[in-house]
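J.: next comes the sequence, and after it the predicted model I'd like to discuss.
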Number of protein chains: 2
Amino acid sequence: MTATRSVLAAQATDFPRWYQDVIAKAELADNGPVRGTMVIRPYAYGIWELLQAAMDRRIKAAGASNAYFPLLIPESYLQREAEHVEGFSPELAIVTHAGGKQLEEPAVIRPTSETIIGESMAKWIQSYRDLPVLLNQWGNAVRWELRPRLFLRTSEFLWQEGHTAHASADEARAYATRIAVEVYREVMENVLGIPVVIGRKTRRERFAGAVNTIALEAMMGDGKALQMGTSHELGQNFARAFDIGYLSAEGRRELAWTTSWGSTTRMLGGLIMVHGDDAGLRIPPMVAPTQVVVLAVKEETLTAAGQIADELRAAGVRVHLDNRTDQPFGRRAVNWELKGVPVRVEIGPRDLTAGVATVVRRLRASAKSAVQLSDVVTDVVAALAADQTHLHDEAQARHTARTTEVSSVSEAMEVATTGWASLPYDAIGESGEDQLATAALTVRCLQRPDGTLPTEDDERGLTAFVARSY
Amino acid sequence: MTATRSVLAAQATDFPRWYQDVIAKAELADNGPVRGTMVIRPYAYGIWELLQAAMDRRIKAAGASNAYFPLLIPESYLQREAEHVEGFSPELAIVTHAGGKQLEEPAVIRPTSETIIGESMAKWIQSYRDLPVLLNQWGNAVRWELRPRLFLRTSEFLWQEGHTAHASADEARAYATRIAVEVYREVMENVLGIPVVIGRKTRRERFAGAVNTIALEAMMGDGKALQMGTSHELGQNFARAFDIGYLSAEGRRELAWTTSWGSTTRMLGGLIMVHGDDAGLRIPPMVAPTQVVVLAVKEETLTAAGQIADELRAAGVRVHLDNRTDQPFGRRAVNWELKGVPVRVEIGPRDLTAGVATVVRRLRASAKSAVQLSDVVTDVVAALAADQTHLHDEAQARHTARTTEVSSVSEAMEVATTGWASLPYDAIGESGEDQLATAALTVRCLQRPDGTLPTEDDERGLTAFVARSY
């Protein structure tokens, strides 16, 4: 019953190739026919649905309501905010013809929706009583990619984008922070099992049009960084451009303060690169479309396998019964390993005679144990809970081991070939950022020494995390 | 406590105006800035989310898995199926520039995804063992509208589109039928409370590229018909165009048989027009984002109102507590009536003294009753269940009353000014369809006399339903 290794490149040898291989072999995604677009296959979409549900619950708990704004935005809208249009122009996809005619004004496919939502907010908000407005949207967006990479950088991606308007700068800042800490970090760490560092972006790295970008950065299996989500304070930039104003309690006309925040299908790329190993994916139980696969090894164990699957299902576990006893067992086992299903319950004739099932835990190097049939449900339910934590802890251990404290830009450049460097931002500054860029390194984010978020661009004594990034 | 009437046009006087008014006043949707696009506001989107969840559960129960295919399709893909491109060309939105350059091949924004999904199916399907492939996608689509109307005809709409491939024509037909009957009808009748007629489209009305379109048609409050969803047998048309083939058990190369089926945000338009009345919306409890609003009439009843809201919430009811006692009670009550919240629980000082609450049932002409405080939860839960059915039965009664059996095209043209005509299709034929078209009437669909679905275009003895349509 030893599973022969699958045909993936080894992570240590060629991580990018391993990433491509696992996406193809586990049937996660394909390239679409238009450059940079992506087909998300059912198995990966199943993970996305669970992730989406977990995120959506927390977004609603933070008081936001879902709504939907048009895909197509008049080109002139983007031009109303100078930095915004400058940032996004090179990535826009433009509709020039529709309904058999050339359009009077070209429309862009939303790269993000600050502008079109700003227009609606301006209409909906009259008085301070209408504030805050807390909106979220699930949908697609298009940003043209010259070097696309499945999940990580695709010309079209799926995401949620939140957009809020508030009566004060403090309230806007508090809400943008709340989303980063209570929604994004919660989901990333406790649902995806991915430890993240939350920090402030430097001026050069922030969102086009924001006064502050809070980023959540995670370390991948190869030591590089992936930006998993961002939450922006937009100041009054978009409020000014779209005239989002309100009458204060004192009867004065004031401009609102807005925020925006997004997380995308890129998180699936993070999930693959943080938890995967040489045998394939390892999916955290909370987002595993199949948490347990029950394998009937031979035809004579089909009934027993079916019973166990039913019992697990009754206990609320997402179960798949693999009853393809006409196909080689080894190949089936390797395939489930590749797909990263957290637990396999294998039932062979000898197991049955002994009154046991073989429980294999993918997330613990496929460790096997013989479990009494009557204990399988309890054992599996406990394994799922424990392995959710285990995956996170493994990732956290790597993150800690591969983050090195240094004190100069040149040292940072050395350690960042295999991991992250942390060093005083005062030792970098904007000129140091230029120097890092020559080695394809960036300051991923800035934190105060106690791990909290800086509130000003010019705060001194901050810690910078430097890494190569996806 | 009499709610003064809101400022909607009367349905009997100007139904289209009433429709626009209710969408604006109940804050359901706005026009987007690009022609024909729509902003779906949180209240309407909340209905959509519940409808979507109900539909998604049933789609999954029918064996299909969700996946996601690109928004952008190479223009040449559509040209591979002659009828398909002819049907959709006039409605396409075309991206000619992206990433700062003119594209070598223009891309269309998907009007529907048969072509791009066909391309993937061809890649994924090798042998009969891979069949059936049962896919569904939730997303947006764009079909340019010259005379847009919120929810009913918008240049961009949200929908699910299902796409399947099968080994035989019979299996494909059975699946397309199953979706219409077990998924769409179920959701429309039992969740939205909208009675539908399921029938076969005539040749001139069917989907571009299909060999058969099964439609679900509903009667609106003004007697017109709305197509609520369709399920298509595509024969081997797309399989041929995209080479969706498989090796049969006998080792022969065969073409697959495909289906597609869709239902859109248009259903929300149906919901408004079927159940609404002169006071506003009436939302079926199953899709009501707020099923019960508890109104504290005065400040001194806030605590009691809060308690009742908590009790209802604990009983699994979606509750909103309206504690705006600084605003006129009458205006608040009218607003909830306008928004169609199924049940209001009003708690005023006199109610409290008497140990009762006033329960107002929106779906029964806002009938009021005094209910002992200890009985409110039981009473409200029962009311929600009963009113779900009540709404359906009311709509069914109208549908029956306003459908008239006739025997000729000229009679059909007469009755179809205020309702539907049913008559033998043999008395219409293709020439009769031309004649009906001169009066903006169409054959909505065809049924056998026993209500079942015809399987051939040339079947005799069929009943045609004729109506004006949205």
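T.: Perfect, I can see it now.
J.: from here on, contacts and neighbour counts on C-alpha atoms
T.: Fine.
J.: what kind of secondary structure is the residue of the stretch 301-450 of chain A found nearest chain B in?
T.: Scanning the stretch 301-450 of chain A for the residue nearest chain B gives A:Arg324, at 11.5 Å (criterion: Cα to the nearest Cα). Following DSSP: H, G, I helix; E, B strand; the rest coil, we place A:Arg324 in the coil state.
J.: leaving aside the residues next to it on the chain, what's closest to it?
T.: A:Ala296 (7.6 Å; Cα to Cα, 6 or more residues apart in numbering or on different chains).
J.: tally of neighbours for the residue of the stretch 301-450 of chain A closest to chain B?
T.: When counting by other Cα atoms under 10 Å in any protein chain shown, one arrives at 15 neighbours for A:Arg324.
J.: check A:Ala180 too.
T.: For A:Ala180, the neighbour count with other Cα under 10 Å is 23.
J.: tell me the contacts of it?
T.: Going by Cα atoms under 8 Å, 6 or more residues apart in numbering or on different chains, A:Ala180 touches A:198, A:214-216, A:230-231.
J.: out of those, who's the most crowded?
T.: Busiest of these [other Cα under 10 Å] is A:Ser231, holding 30 neighbours.
J.: so what's it closest to, chain neighbours aside?
T.: What sits nearest to A:Ser231 in space, not counting adjacent residues and going by Cα to Cα, 6+ apart, is A:Trp261, at 4.0 Å.
J.: and the pLDDT at that neighbour?
T.: In this prediction, A:Trp261 carries a pLDDT score of 98.
J.: distance of A:Ala365 relative to A:Gly276?
T.: 11 Å (Cα to Cα, to the nearest Å).
J.: over to A:Ala176?
T.: Between A:Ala176 and A:Gly276 the computed distance is 31 Å (Cα to Cα).
J.: quick one, what contacts the residue of chain A most remote from its centre?
T.: Going by Cα atoms, centre = their mean, the residue of chain A most distant from its centre is A:Thr353, 45.2 Å out. For A:Thr353, the contact set (Cα under 8 Å, 6+ apart) is empty.
J.: where do the strands sit along the stretch 351-470 of chain A?
T.: Assigned by DSSP state E, counting those that start in this stretch, the stretch 351-470 of chain A shows strands spanning A:356-361, A:367-372, A:403-405, A:420-424, A:441-447, A:463-468.
J.: can I get those in TSV with distance to B:Asn335?
T.: Shown next, in TSV, are the strands of the stretch 351-470 of chain A (distance: least, Cα to Cα, whole Å):
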stretch	distance to B:Asn335
strand A:356-361	56
strand A:367-372	61
strand A:403-405	57
strand A:420-424	56
strand A:441-447	47
strand A:463-468	52
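J.: using JSON lines, lay out these together with mean pLDDT, mean neighbour count and distance to A:Arg282.
T.: Shown next, in JSON lines, are those (pLDDT from 0 to 100; neighbours: other Cα atoms under 10 Å in any protein chain shown; distance: least, Cα to Cα, whole Å):
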{"stretch": "strand A:356-361", "mean pLDDT": "97", "mean neighbour count": "24", "distance to A:Arg282": "10"}
{"stretch": "strand A:367-372", "mean pLDDT": "95", "mean neighbour count": "15", "distance to A:Arg282": "13"}
{"stretch": "strand A:403-405", "mean pLDDT": "98", "mean neighbour count": "19", "distance to A:Arg282": "23"}
{"stretch": "strand A:420-424", "mean pLDDT": "98", "mean neighbour count": "25", "distance to A:Arg282": "23"}
{"stretch": "strand A:441-447", "mean pLDDT": "98", "mean neighbour count": "25", "distance to A:Arg282": "26"}
{"stretch": "strand A:463-468", "mean pLDDT": "98", "mean neighbour count": "26", "distance to A:Arg282": "24"}
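J.: would you mind giving the ones you listed as CSV with distance to chain B added?
T.: Formatted as CSV, those follow (distance: least, Cα to the nearest Cα, whole Å):
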stretch, distance to chain B
strand A:356-361, 26
strand A:367-372, 31
strand A:403-405, 36
strand A:420-424, 32
strand A:441-447, 24
strand A:463-468, 24
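J.: re the thing from before, contacts only, for the residue nearest to A:Arg324.
T.: Taking Cα under 8 Å, 6+ apart as the test, what A:Ala296 contacts is A:302, A:305, A:321-325, A:346-348.
J.: which two from those end up farthest apart in space?
T.: Using Cα to Cα, the pair of the contacts of A:Ala296 lying farthest apart is A:Leu321 and A:Gly348, separated by 13.9 Å.
J.: which element is the most centrally placed residue in chain A on?
T.: Compute the mean C-alpha point of chain A, and by Cα atoms, centre = their mean the closest residue is A:Met267, 2.1 Å away. Secondary-structure element containing A:Met267, defined by DSSP states H and E: helix A:266-275.
J.: elements contacting that helix?
T.: Contacts defined by 3 or more Cα pairs under 8 Å, 6 or more residues apart in numbering or on different chains; DSSP states H and E place helix A:266-275 against helix A:42-61, strand A:225-233, helix A:376-401.
J.: only whichever of the contacts of A:Ala296 are buried, select them in ChimeraX.
T.: Those of those that count as buried under 16 or more other Cα atoms under 10 Å in any protein chain shown are selected in ChimeraX with:
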select /A:302,305,321,322,323,325,346,347,348
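J.: verify the stated contact: A:Cys445 with A:Lys201.
T.: Yes. Taking contacts as Cα atoms under 8 Å, A:Cys445 lies within contact range of A:Lys201: 4.8 Å.
J.: who does the helix or strand of chain A with the lowest mean pLDDT touch, helix- and strand-wise?
T.: Least confident helix or strand, chain A: helix A:82-88 with a mean of 88, by mean pLDDT, DSSP states H and E. For helix A:82-88, the elements it packs on are helix A:75-79, judged by 3+ Cα pairs under 8 Å, 6+ apart.
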